[in-house]
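Engineer: quick one, what's the 3D model for this:
(chains A and B)
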Amino acid sequence: MIVSLAWRNIWRQPVRTTLSVVGMAFASLLLVFMASFQFGAYDTMKSSMLKISDGFGQFQPVGYKDDPEIEKVIADPAALMAEAEQIAGITASTLRSNGFGLLANGERSFAAAIVGVEPGLENKVSKLDTMVERGRALTPDDDAAIVLGEGLARNLRLELGDQVTLLGSGLDGSVAADVLTLVGIFKSGIPEIDRTIARMPLQRFDDTFAMNGAVHIVALSAESVPAVERAEPELRALAARHGLVYLNWGELQPGVKQAIDFDLVTSLLMYVTLVVVVVFIILNTLYMSVLERTREFGVLLAIGMKPGQIGRMVWMEMIFLSLFGNGVGIVLGMALTGYFTQVGISFAGMEEIYAQWGLPSRMYPTMTFGRVLGGPGAVVAAIGVLGIIPYRRVLGLTPVKAMAA
Amino acid sequence: MSNPIVTCRGVTKVFGKGDLAVHALAGVDLDFAPGDFATLAGPSGSGKTTLLNMIGALDTPTAGEVSIAGNRLNDMNKSQLSDLRLTKIGFVFQSLNLIPVLSAVENVEFVLELQHCPAAEQRERAIKVLEQVGLKGMENRRPSAMSGGQQQRVAVARALVTKPAIVLADEPTANLDSKNSSDLMDLMAQLNADLGITFVIGTHDVSVMKRSRRHLEMLDGRISSDTRR
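Structural biologist: Model prediction:
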């Protein structure tokens, strides 16, 4: 009956309770939607950036990221690929080799990062192929072919079908020299990539740079960033077994991670402020209700109810109210977020800026258990904890003083 | 005379300290026997509510002793006092007696719930006692849908349902018209006669005083007269 009494008590003042519920529901709705949108946007940013070139994760030789010497190789990548693709959430993998050299067209030459890729598999990991603006992407039948970033092609004054001379240093110390035909020019929108990257078939790269079957990177594709994050412990263990390291998205794109972390901190401050404001408004409302009922509590004490029982009843009222308000907010928040999950949100005038970073013009919120329940859960938990305040007040009541109130 | 239900010996209650100290009770010696139907009267500030609070285990004396049904209050902690009130004492207050969000039957059941009485027995006993106080058919009404007299009857029912040793009523008729006041007194007198439960009623109402078999007057924290009829 005390549970039933607590529930009925919160509806004694229906207008006040309704206003409290509306306030909490609105705050919860905002928390659910904002968290889902914010983290959805982060996921979009991460996956967009990673899909351009890096992939969702990479296996590399130890120390290769900081000091990418051609001698640091993965000698037997086939076994690694096979094992990696067995891990839940991993959808594809591809091999890459990197070399640094000069690309020359007549008297013009520029330093470039030469990437050997598997044309049949690369497009499952990277979407650079879809960014080819002129010509075409590499195909499995290509041999002496090369695709350049738009800036690099412009600097070298190359047109499709032109031949470009490659000069570098092979794995065995020999001179790596080749003449390749320009078959495509891509534009990622990221100047650093467009000015420096040249892609050629991995097999040709292997011959030119005397790699002898070794590669520098095994790049992975996954269902999503959260999926690859869940698989991370397994991927790291696999890398360790092969004497390699596994790099996650944050290690591959530290700039993006830093930007997200900074944005997250500022957003968290906002979320915390919202939670604190809501919690104290509700606490104030319920504390008022406790003060108003002091005489009634005196009667309850007189008829034999113990202060602890009354305190628990008041605490229960707070929990009920917060669960109800936040429950309504969660349902409404999920409905709103669900709608925008389908239609997305477009920020007018930002399309070009987004495109420069390889981001789509529409952002889509994504709901997860944590994003939906995190904010409202914090409100309920905070109210639950702060329920100690009215509880302690009730504990201090004596029948005579309370009835005289 | 059988063993008293309530025994007060030298009961003193002082509120405040030093120059601001108020001696609400100044050494009260008093017994109530099983089946007493007593009224307690006196001018405002005479100490009758303070004395009722002592007898009701709502407060403890500064000096002296109070025993209720053999339980010495001075030796009891808060929790034990709560249990004593729950099991041995019934209360009827002047107003705001009932829990407004509970129906009449639920208000009566509530004290049985506090005693951990089985649910089925709670309902049976509550309905029976409501019938005894003349509220048959009104079990599911909330206090707001009942008259002042009916609400006081529910309070009496709640006080009786635990089969207490004593029922204390502080100005139970103060907010009632004369008809309802008379009806309530008839009810309490009848229950006293039928069940043998001790009633102690604090009142200013002369018509109430006339209905009692024992009348106590208080003045300046002492019993100034104790008349049996």
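
Engineer: any idea how chain A splits into domains?
Structural biologist: Domain assignment for chain A by automatic domain parsing gives A:2-49+A:257-403, A:63-242.

Engineer: what's the average pLDDT for the last one?
Structural biologist: For domain A:63-242, the per-residue pLDDT values average out at 92.

Engineer: coming back round to it: tell me which of the domains of chain A lies nearest to chain B.
Structural biologist: Closest approach to chain B among the domains of chain A (Cβ to the nearest Cβ): domain A:2-49+A:257-403, 2.6 Å. No exception for glycine: its C-beta is placed from N, CA and C like everyone else's.

Engineer: leaving out sequence neighbours, find the closest residue to the closest residue to chain A within chain B.
Structural biologist: Of all residues in chain B, the one sitting closest to chain A is residue B:86 (2.6 Å; Cβ to the nearest Cβ). Counting by Cβ to Cβ, 6 or more residues apart in numbering or on different chains, residue B:86 lies nearest to residue A:304, which is 2.6 Å off, once chain neighbours are set aside.

Engineer: which residues in the stretch 251-400 of chain A form helices?
Structural biologist: Listed in chain order, the helices of the stretch 251-400 of chain A (DSSP state H, counting those that start in this stretch) span A:254-292, A:294-302, A:307-343, A:351-356, A:369-386, A:388-395, A:399-403.

Engineer: out of those, nearest to residue B:199?
Structural biologist: Closest approach to residue B:199 among the helices of the stretch 251-400 of chain A is made by helix A:294-302 (16.4 Å; Cβ to Cβ).

Engineer: which helices and strands sit right next to that closest one?
Structural biologist: The contact analysis (3 or more Cβ pairs under 8 Å, 6 or more residues apart in numbering or on different chains; DSSP states H and E) places helix A:294-302 against helix A:307-343, helix A:399-403.

Engineer: count the neighbours of residue A:386 for me.
Structural biologist: Neighbour count for residue A:386, taken as other Cβ atoms under 10 Å in any protein chain shown: 17.

Engineer: quick check, it in contact with residue A:281.
Structural biologist: No: Residue A:386 is beyond contact range of residue A:281, at 11.7 Å (criterion: Cβ atoms under 8 Å).

Engineer: residues from chain B in reach of chain A?
Structural biologist: Residues of chain B lying near chain A by Cβ under 8 Å from any Cβ of the partner chain: B:53, B:56, B:58-59, B:78-79, B:82-83, B:85-87, B:91, B:93, B:96-97, B:99-102, B:106, B:109-111, B:113-115, B:158.

Engineer: for chain A, what's the longest strand?
Structural biologist: strand A:90-105 (DSSP state E).

Engineer: angle of whatever helix or strand comes next after it against strand A:90-105?
Structural biologist: Next in sequence after strand A:90-105, counting helices and strands by DSSP states H and E, comes strand A:108-117. Angle of strand A:108-117 versus strand A:90-105, following axes from the mean of the first three to the mean of the last three Cα atoms, to 10 degrees, is 160 degrees.

Engineer: buried residues in strand A:108-117?
Structural biologist: A:109, A:110, A:112, A:113, A:114, A:115, A:116, A:117 (16 or more other Cβ atoms under 10 Å in any protein chain shown).

Engineer: that one pairs with which strands?
Structural biologist: strand A:90-105 (antiparallel), strand A:197-201 (parallel) (DSSP bridges).

Engineer: and for residue 94, the neighbour number?
Structural biologist: I'll assume chain A. So residue A:94, with other Cβ under 10 Å, has 24 neighbours.

Engineer: correction: the question concerned chain B.
Structural biologist: Quick note: residue B:94 (other Cβ under 10 Å) scores 18 neighbours.

Engineer: repeat that for the one 10 residues further on.
Structural biologist: By the measure other Cβ under 10 Å, the count of residues near residue B:104 is 27.

Engineer: restrict the longest helix along chain B to CA atoms and write it as PDB.
Structural biologist: Among the segments of chain B that qualify as a helix by DSSP state H, the longest is helix B:178-195. C-alpha atoms of helix B:178-195 as PDB (Å, rounded to 0.1, in the frame of the first residue of the first chain):
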ATOM      1  CA  SER B 178     -23.800  20.100  17.100                       C
ATOM      2  CA  LYS B 179     -25.600  17.200  15.400                       C
ATOM      3  CA  ASN B 180     -22.500  15.600  14.100                       C
ATOM      4  CA  SER B 181     -20.800  16.300  17.400                       C
ATOM      5  CA  SER B 182     -23.500  14.600  19.300                       C
ATOM      6  CA  ASP B 183     -23.500  11.600  16.900                       C
ATOM      7  CA  LEU B 184     -19.800  11.200  17.200                       C
ATOM      8  CA  MET B 185     -20.000  11.200  21.000                       C
ATOM      9  CA  ASP B 186     -22.900   8.700  20.800                       C
ATOM     10  CA  LEU B 187     -20.600   6.500  18.700                       C
ATOM     11  CA  MET B 188     -17.600   6.700  21.000                       C
ATOM     12  CA  ALA B 189     -19.800   6.100  24.100                       C
ATOM     13  CA  GLN B 190     -21.400   3.100  22.400                       C
ATOM     14  CA  LEU B 191     -18.000   1.600  21.400                       C
ATOM     15  CA  ASN B 192     -16.700   2.200  24.900                       C
ATOM     16  CA  ALA B 193     -19.700   0.400  26.300                       C
ATOM     17  CA  ASP B 194     -19.600  -2.500  23.800                       C
ATOM     18  CA  LEU B 195     -15.900  -3.100  23.400                       C
END
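
Engineer: ok, residues contacting the next helix or strand after that helix?
Structural biologist: Later in the chain than helix B:178-195, the nearest helix or strand by DSSP H and E is strand B:198-202. The contact list for strand B:198-202 (Cβ atoms under 8 Å, 6 or more residues apart in numbering or on different chains) reads B:5-6, B:32-41, B:48-49, B:52, B:55, B:165-172, B:188, B:191-192, B:208, B:212.

Engineer: same thing but 6 Å
Structural biologist: Here strand B:198-202 makes contact (Cβ atoms under 6 Å, 6 or more residues apart in numbering or on different chains) with B:5, B:32, B:34, B:36-40, B:48, B:52, B:166-170, B:188, B:192.

Engineer: kindly report the same for stretch A:224-237.
Structural biologist: A:43, A:46, A:47, A:56, A:57, A:87, A:89, A:222, A:246, A:248.

Engineer: farthest-apart pair in the buried residues of strand A:108-117, please.
Structural biologist: Among the buried residues of strand A:108-117, A:109 and A:117 lie farthest apart (Cβ to Cβ), at 22.6 Å.

Engineer: from the contacts of stretch A:224-237, which shows the smallest pLDDT?
Structural biologist: Among the contacts of stretch A:224-237, residue A:47 carries the lowest pLDDT, at 78.

Engineer: tell me which element that residue is part of?
Structural biologist: helix A:14-49.

Engineer: picking up where we left off before, the strand or helix carrying the residue of chain B closest to chain A: which residues count as buried?
Structural biologist: Assigned by DSSP H and E, residue B:86 falls within helix B:78-88. By neighbour count on 16+ other Cβ under 10 Å, the buried set for helix B:78-88 is B:81, B:82, B:83, B:84, B:85, B:86, B:87, B:88.
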